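Asks: whatever this is, show me its structure:
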Amino acid sequence: MGRFLAFILGIGGALIASQGPGFTLQYMQNLQGRIDELKPIVEEFDANVEGYNYTRQTAMAECVGADGLLDALCQTYVTAVNRYELLVAHMAELEAAGDYVRPLILAKSQMSDISTSVYEQFEPAIPASLHGAVYAGGGFAVLWGLSAFLFGLLGAMFGGGRRYA
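Replies: Presented below is the predicted three-dimensional model:
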């Protein structure tokens, strides 16, 4: 019985892990859309401050310390520029990673608002790529191995010498 349960858990692990590459691709597409949305705002900010012989950094520093109307006007740009820089850095980290490592990096460093947006639209599918197959095999091996070990341990402890895994 323990072997059967371990096998079923392994299949579940394969199905879940095989979705990693597809989810990662959709996450990166969503991320790129957000970058593209902010890019014209940041470019406009850069062009405007360049007209006054400012760099982005010096203008942002002046905006952060501003009071009154200048603070109100700057706040939208500061938020947009900071978000843009964060998203671009996140995309660069994902693009620099190899295809097999990218889902693992995403699992560690995902942005919750983007992940939520992707989850709302994500539909699991059978992976037709080598990456999906590798993740399916890894998911099977991890869950099958852990559950077989656990069932074997429990069988040895409580089975009276009978083998469960």
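Asks: how close does Leu106 sit to Gly98?
Replies: 13 Å (C-beta to C-beta, to the nearest Å). In this view, the C-beta of every residue, glycine as well, is placed from N, C-alpha and C.
Asks: next one: Ser112
Replies: Computed as C-beta to C-beta, the Ser112 to Gly98 distance reads 24 Å.
Asks: ok, which stretches of the chain are strands?
Replies: For the chain, no strands are identified by DSSP state E.
Asks: average pLDDT for stretch 50-67?
Replies: Average pLDDT, stretch 50-67: 88.
Asks: just list the residues touching Val118, thanks.
Replies: Phe23, Gln26, Tyr27, Asn30 (C-beta atoms under 8 Å, 6 or more residues apart in numbering).
Asks: any chance of those in CSV, with pLDDT, distance to Val64 and neighbour count too?
Replies: CSV is the format used below for the contacts of Val118 (pLDDT from 0 to 100; distance: C-beta to C-beta, whole Å; neighbours: other C-beta atoms under 10 Å):
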residue, pLDDT, distance to Val64, neighbour count
Phe23, 92, 36, 18
Gln26, 94, 35, 17
Tyr27, 95, 31, 23
Asn30, 96, 29, 18
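Asks: pretty sure Asp99 is touching Leu25, no?
Replies: No - under the criterion of C-beta atoms under 8 Å, Asp99 is not in contact with Leu25, lying 9.8 Å apart.
Asks: between the two, tell me which one has more neighbours.
Replies: Taking neighbours as other C-beta atoms under 10 Å, Asp99 and Leu25 compare with Leu25 leading, 16 against 13.
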